[in-house]
Every structure is written in structure tokens, then in C-alpha cells.
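**Student:** Build me a model from this:
(chains A and B)
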Amino acid sequence: MKNAAPNSFYSHQYFRRTADISATANQYAAKLQLCFQRGPPVYALAPAVHAHMIASGFIPRGHILNRLIDFYCKSSNFNYAKRLFDEIPQPDVVARTTLIAAYSASGKPKMAREIFDKTPLRIRDTVCYNSMITCYSHNNDGHAAIRLFNEMRQKGFRPDNFTYTSVLGALALVADHERHCQQLHCAVVKSGAASITSVVNALISLYVKCALSPFSSSSSLMASARELFDEMLEKDELSWTTIITGYVKNEDLDAAREVFDGMDEKLVVAWNAMISGYVQKGMVFAVFEMFRKMHSLGIKHDDFTYTNVLSACADAELFLHGKQVHAYILRTEAKPARDFMISVNNALITLYWKCGKIDQARSIFDSICTKDLISWNAILSAYVSAGRIHEARSIFDQMSEKNMLSWTVMISGLAQHGLGEEALKFFNKMKSSGLEPCDYAFSGAITSCAVLAALEQGRQLHAQLIRLGFDSSLSAGNALITMYSRCGVLDAARNVFLTMPCLDSVSWNAMIAAFGQHGHGAEALEHFEYMLEEQILPDRITFLTVLSACSHAGLVEEGQNYFNSMEKVYGITPGEDHYARLIDLLCRAGKLMEAKNVTQTMPFQPGAPIWEALLAGCRLHGDMDLGVYAAEQLFEMIPQHDGTYILLANMFASAGRWGEVAMVRKFMRDRGVKKEPGCSWLEVENKVHVFLVDDTVHPEVQAVYSYLKELVLKLRKLGYVPDTKYVLHDMESEQKEHALSTHSEKLAVVYGLLKLPRGATIRIFKNLRICGDCHNAIKFMSKAEAREIIVRDGKRFHHFKDGECSCGNYW
DNA sequence: CTAGGGTTAG
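**Tutor:** Below you'll find the model as predicted:
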């Protein structure tokens, strides 16, 4: 808050003391002038001054009325200002310019233009043109601003300092090349404006903006900017901060710091610029150092300083530091000032939720008197990030104004919590509400397609993305890698990965996970090594994907080595999820005792994921005793989870111990645990077809059953023998074979064979893990029908071709 | 009445 007024200004005392029923026009003018000098908060006093005028029967006209209108505009009482304006029979150019500026500030260039066009040419002046040019520039329409500048000169108006400064700002919006800078630089010199400080400042900021463009060399343009700065005859506050922020934006903090250190009187703005540079680079301790130095030098922190420091704490999840800063603010700032610090409160909401304190974030939110859109979006993100979707929805519904971010937060939040259909509904609603989705919104929608395995829809989104020019977006690219991979098109995922202009750890993690899920362990590990070569540091997720990849491909030793290197080489302490994957890795290789040892030597008590991995390993290798032990632990921890019962029953069934199988099933019944029914689906002609186990719902299911019957006879001739140990019920063997033939994945594959054109790959998705007999049968189908069949089950992908599966029967 | 610098939401 610039020039914050003393507190007494918030009461009407100031006016009451000087109030005089016979105040003259000159006295009112003086009073308003005084308010104007005291800074922005005092604009809010317009109603008080106006009330006094009304009470004393004074009718404001001319200059005084204009100033009153200006004050109403600036204290966001715009509607009232407009009413006063409309009552003037023939408003002069000053009144009109005031309104143009107000429309400009509230992002309504069309309304501003309307006032401007209705202003007769004979009363127009340079200031009026300046306002309109600035309005275009503020609303990102550089070309319109430049057109108006040319028009103004054509009509004989002389540009002044303000004009040049504004127009340079507008030119910066459209210029992105070194050549532009040089041309404009020449034009400024020719116009004779090159000695005006504000014009040179604008020129410097033009060089800075062009330096940020990917088409030009940052260092040479910044060198030119610096030359302009060094040669300036009269530098003002803005000259210093423009060059400092220029360096900060171009990520040259050392150069910024050098200029900063050379300032005699360092302004708050300059401090804030430096701090924001350190925040963006994640240099938290440099941020704190600057914050403390300001304090010890007696330079007052303002709301920009606070928001910067708080966001540094939020990014680094330094909860205690953030809390201390919060306490410091409450101690230091006078109470009335707090209402003006909405940005600080918004930053506090973010601090608290990023540190996992959702309810504290909520109480900050509730304490804000006049919440803005950022407050609402911040609390929305808080609930979404915590998976509290219900509360998030209720916040979303309460919002009177929503912008792109509000929608995007909802879309990506729903997608990340597996609510793909809902997310896509929001994406479509957003479009129909007239908002153009940004690349983040797209990445949420694409993630939903990954969740739903909706390949066609995902492809369409990809096409739209390219049309809108978002194809170089990092977040959209990362989402596409995952989407194509999870829809079974590994090649497309790799193509996206290869054509992305830059990659971050998320991109690498997504690609490594894709190779891993498709059983390409070697490529996954190869990409991990490439990632290191590219100097991208692996994170917790990287190791989860690497360990999974090793597990899926049976690379036990490699996996163990990577696990051991986590802490030693990369300083990442393995969490429970990492241990669960290590155990999974060991179990699959039959090293059950080693896996059990890990559970005993781990630095924490084993939880459900650990026992689940162990139980799955015991089922695979028939270790009944250890399996039962693991299951008992799981019954204690998550008694309602159906997976435990199924794994245990499967384990007994494959050993032919039907008594125990029946017992497990009785347990399930007694405890009211329901098995999630098997369900498979595939896309045919852009429509999703779902098959349940023993399906009777799909309209064409009879044709599927009869073709399946035919097919099984054919497969038997090739050597297929139904493996009835995968049927959990104890029944006659013929019945068992029938039960096998109703599995949803078989139905879906057969539907694909019937409906998809010859040679087209069949892509099936299943909610649970694929059953052993189906796995075997589909191998035979791929040979008999000469088809590539890809099945994504609950854990991974199986590529069937020529009677073989990419998983090597190892899943 | 008009210009140019620093902040917060994924």
C-alpha cells in the first residue's frame, strides 16, 4: 500500500473539524486536493465530502464535480460515478478522460472506446488520446494502441512524454525481436524524446521484454538495456527498479543484485523485486536474509514483501517459518491496515494449505471481509489438493465470479482423484460458458481420458491442443504422455515425449512409468540414466516408477541397487510406498524370506501396502503360512478391503484347498464384504462398450457368447486347455469351464474381434487384475485370429501377439 | 484527467 494514510483519516473527524456550512467552491477544491495528495485510501472519503456539499446546498460543477467523479471511480464506486457523469449535460474532456481511465482500469476497453468516440474532435486533447492509448495497452491490444497513436498524429495532436511512454509500452506488447528494439530506439532519438527519463525507462523495459522472447538473445539485449541505463542523465526511482526487475525476469540475479547494491536509497519496490527473484529461484534463505536486512535497516515491509516471503515459505513447505512471518505481520501491522492486505491473506491461505493445514487456511479465508477471486481460487485449490472434493464443489458453486483458473482447478482436481467423467463434464461446461480453456485445463481433461481410457476423446483433445497452439505446453505434454500410455499406445506417448521442447522431472517420470507399465524394463532404466545425463534430478516419484518398472520386468538386482542408491546418492529417504515396491520386486522373484526380512528391518511399522505386496507374492509362489500371516495383518488393518479375501482365496484355490476357499468366502459374507465385480471395456467407433462378468446387459452379448463358444473349440485344437483353478467356487468341472467363459475380459476381446476392422489392434481395459486362464486364452486368440490385443489390467499392460504376451507370464 | 517498476490462485 503506497502512502498509507494515518488512521484518523478513516473516521470523518478530519472533515467534521473543518466542516463549515458556508464552505465555498475554493474550499471544497482545496479539500479534495488535500485528499488527492494523501494517497489512495483517502479516495474512499469522496462520499463524505459529497455529503457535506449536499447538506450545505452546494452544487458541484466543473472541476470540482470532475474530481468528485474521479474519486468515486477510484474508490470502486464506479456505478455512482457513472450516474453523476450521466447527469452532466455536456461533460468536458476532463470528465470524459476520467471515465475512460476508469473503464480502462476495470478491463472494459469497449466502454472506454464508446466514451472516446462520443467525444467531439474539437474538444479532444492529447491527454484524452493518451488515456485511450494506455487503455488499449493495459488490455493487451498493442495494435489498437499503435493505430490510435498514428491517428492522433494524423489529426494534428502533438504527442507528449506520456504519449511516448504509453506507446512504447504498447509496442513492447507486439515487439519480440532485437530489430524492433533498434528501430524504436532510433525513432525515439529522432523524436527528441530520448532525454526524457520516463521515455528512456519505457525503452529499457522494451529491451527487457524483447530479451525474454525465445527469438532473441537475452544477454545482448540486456547489455543494451544496461547501456541505456548507465548513460541516462537523470535516473529516477523507476529507472533503477526497471533495470533490476529486467535482470530478475531474465534470471540473472547476480547482475540484478549488483545494480541493487549500487543504489543509494533502496526503495521498497527494489527490495521486493530482488526478493521475488529469489523466491522464483527457490532461494528461500536469501529471501529471509533480505527480509531481515530490511527490518534491521528500518525499511518498512509492505504487502508485496509479505506475499513474496509467504509464498517462499509455502513453496518450500516451511510451515514454522511461515507461521512466524504470519505472527510478525499481526504484531507489526496496525489493525485497520489489515483489511487492505488482501493479497497477504491470500498468500496465507496458500501457505497453510500447502503445509497441509486445510482448516487453518479456511479460517483465514473466512476472516477476510471482502474476498476477491484469488481468495476463492486459493481456498478452492486447498480443498481440491486435500481430496475434499465435496467441499471444493460447494465452494465452486458459491463463487459468484469464476475465471479460467477456477475451472481448471476443478477439472484437474476431479481428474486427479479419479473422477474422470465429472472432470470432462466440467471441461465441457467451461467451454459452453464461453471461456477458452488454457493448457492447464486441457491437461486436466487429458488426464481424465487417461483415467477413463478414452483414447478417441484423448486424441481429439490432442488435435485441439495443436490447433490452439498449446502443443509446446509442458503440462499438456506431460498429460499426453500419461494418457497415451494408459490408453495402451506406447508409441504415441513416446512421440509426444520426443517432440516436447523442454522436459521436467514430471515428463521423465511419466515416460519411465509408461515403459515400466508396458513391460519394457530395459528402456525404463535407460531413460532413467538419460534423465540423469540431462541433469534433471530424480524425485520420490521417479524411484517409485523405476522400482515398478524393475518389478514388472523381473529386474530384481537392478531394482535393489536403485533402492539402495536412493538415500546414499540422491538423499531421498525411502517411504512406505518405496518399501512396498521393493517387497513386490523380491516376492515376484520368489525371494519371500528376503522380503519378510525387509518388513522386519524397515525403519517403521509395516502398513497395509507392505502386507498386500507380501500376500500377492505368497499367492504367486504358494507360500501358505506366510500368506495367511500377511492376510491376518490386513484383516486387522483394512477389514473391508475385498482384495485381501480374493488373494487369499486364490492362493488356496490354486493349491486345490477348497475347504479353505469356502471358509474365506464365508468370512467375506459374514463381514459384509462385497467383491468388486470384474468389468472390462473397449472403445468401438468412439463409443465405450462395457462388459461385466457373466454379462447379460450389453445388447449384443448373445452374439459374443456364441462366437466365443466357436472360438474356444478352435483354440482347443491349437492346444488351449481351460485352467479351472482360477474358478473360486467348488463345482463340477464343466460348470467351471462355463464360469471361465463368462469373464469380462474374454467377452470384451471377442466383441473387439467381431466389431473392429481386420488388423486393428484391440485395446481392452479391466478394473481388476487379469485372470490366469484369460491370459492364456487371449494368447491363443492373438495367434488364432492374427490380432494384436492389448489389455490394461489394474496393474499393468499386456501386449498379446502371435501367441505370446509382453509380460512374459510374469505379473 | 493521462505513462513507466514489485505480489497472491494451478
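**Student:** and the residue in the stretch 401-550 of chain A positioned nearest to DNA strand B, what is it in contact with?
**Tutor:** Residue nearest to DNA strand B within the stretch 401-550 of chain A (Cβ to the nearest atom of the strand): A:Tyr440, separated by 2.6 Å. Where C-beta positions appear, they are placed from N, C-alpha and C, glycine not excepted. Applying Cβ atoms under 8 Å, 6 or more residues apart in numbering, one finds that A:Tyr440 lies in contact with A:408, A:412, A:475-476.
**Student:** how about a cut-off of 10 Å?
**Tutor:** Shown in contact with A:Tyr440 (Cβ atoms under 10 Å, 6 or more residues apart in numbering): A:404-405, A:407-409, A:411-412, A:470, A:473, A:475-476, A:479.
**Student:** which intervals of chain A have sub-threshold pLDDT?
**Tutor:** Low-confidence segments of chain A, defined by pLDDT under 70, are located at A:1-23, A:35-44, A:76, A:335-340, A:728-730.
**Student:** how about the strands in it?
**Tutor:** Using DSSP state E, the strands of chain A run over residues A:679-684, A:687-692, A:762-766, A:789-792, A:797-801, A:804-805.
**Student:** Just name the most buried of these.
**Tutor:** Of those, the one with the most neighbours on average (mean count of other Cβ atoms under 10 Å) is strand A:762-766, at a mean of 25.
**Student:** Run me through the strand neighbours of that strand, direction for each.
**Tutor:** When pairing is defined by DSSP bridges, strand A:762-766 lines up against strand A:679-684 (antiparallel), strand A:789-792 (parallel).
**Student:** quick one, the first one and strand A:687-692 angle?
**Tutor:** The reference is to strand A:679-684. 160 degrees (axes from the mean of the first three to the mean of the last three Cα atoms, to 10 degrees).
**Student:** what does strand A:679-684 contact?
**Tutor:** With Cβ under 10 Å, 6+ apart as the test, strand A:679-684 has contacts from A:452-457, A:487, A:688-693, A:695, A:743-749, A:751-752, A:754-756, A:760, A:762-768, A:770, A:774, A:790-793.
**Student:** now the shortest one
**Tutor:** Taking Cβ under 10 Å, 6+ apart as the criterion, the residues outside strand A:789-792 that touch it are A:453, A:485-490, A:517-518, A:680, A:682, A:745, A:748-749, A:752-753, A:761-766, A:770, A:774-775, A:778-779, A:781-782, A:797-801, A:805-807.
**Student:** what about 8 Å?
**Tutor:** By Cβ under 8 Å, 6+ apart, strand A:789-792 touches A:453, A:486, A:488, A:745, A:749, A:752, A:761-766, A:770, A:778, A:781-782, A:797-801.
**Student:** Output the longest helix belonging to chain A.
**Tutor:** helix A:701-717 (DSSP state H).
**Student:** can you list contacts of that helix?
**Tutor:** With Cβ under 8 Å, 6+ apart as the criterion, helix A:701-717 contacts A:691, A:695, A:698, A:720, A:722, A:741, A:746-747, A:750-751, A:753-754, A:777, A:780-781, A:784-785.
**Student:** same thing but at 10 Å, please
**Tutor:** Residues outside helix A:701-717 that contact it (Cβ under 10 Å, 6+ apart): A:691-692, A:694-696, A:698, A:720-722, A:737, A:740-742, A:746-755, A:776-781, A:783-785.
**Student:** That one: how far from the chain's middle?
**Tutor:** In terms of Cα atoms, centre = their mean, to the nearest Å, the centre of helix A:701-717 is found 48 Å from the chain centre.
**Student:** could you give the angle of that helix to strand A:687-692?
**Tutor:** Going by the same axes, to 10 degrees, helix A:701-717 makes 70 degrees with strand A:687-692.
**Student:** Might you report the residue contacts of A:Lys82?
**Tutor:** By Cβ under 10 Å, 6+ apart, the neighbours of A:Lys82 are A:69, A:72-73, A:99, A:102-103, A:111.
**Student:** still on that earlier bit, rebuild the strands of chain A as TSV, extending it with distance to DNA strand B.
**Tutor:** Below are the strands of chain A laid out as TSV (distance: least, Cβ to the nearest atom of the strand, whole Å):
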stretch	distance to DNA strand B
strand A:679-684	28
strand A:687-692	27
strand A:762-766	27
strand A:789-792	26
strand A:797-801	28
strand A:804-805	38
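**Student:** Please identify which of these is closest to A:Lys118.
**Tutor:** strand A:687-692 (55.7 Å; Cβ to Cβ).
**Student:** nearest residue to the closest residue to DNA strand B within the stretch 251-400 of chain A other than its sequence neighbours?
**Tutor:** Residue of the stretch 251-400 of chain A nearest DNA strand B, by Cβ to the nearest atom of the strand: A:Ser343 (2.9 Å). Closest residue to A:Ser343 apart from its sequence neighbours, by Cβ to Cβ, 6 or more residues apart in numbering: A:Thr307 at 5.0 Å.
**Student:** do the same with A:Gly772
**Tutor:** Using Cβ to Cβ, 6+ apart and skipping the chain neighbours, the partner closest in space to A:Gly772 is A:Tyr726 (5.1 Å).
**Student:** The one you found: neighbouring residues, count only.
**Tutor:** For A:Tyr726, the neighbour count with other Cβ atoms under 10 Å is 19.
**Student:** Go ahead and confirm A:Lys371 touches A:Asn346.
**Tutor:** Yes - with contact defined as Cβ atoms under 10 Å, A:Lys371 reaches A:Asn346; the gap is 8.8 Å.
**Student:** sorry, back to before: contact partners for the residue nearest to A:Gly772?
**Tutor:** Going by Cβ under 10 Å, 6+ apart, A:Tyr726 touches A:650, A:653-654, A:736, A:739-740, A:743, A:771-776.
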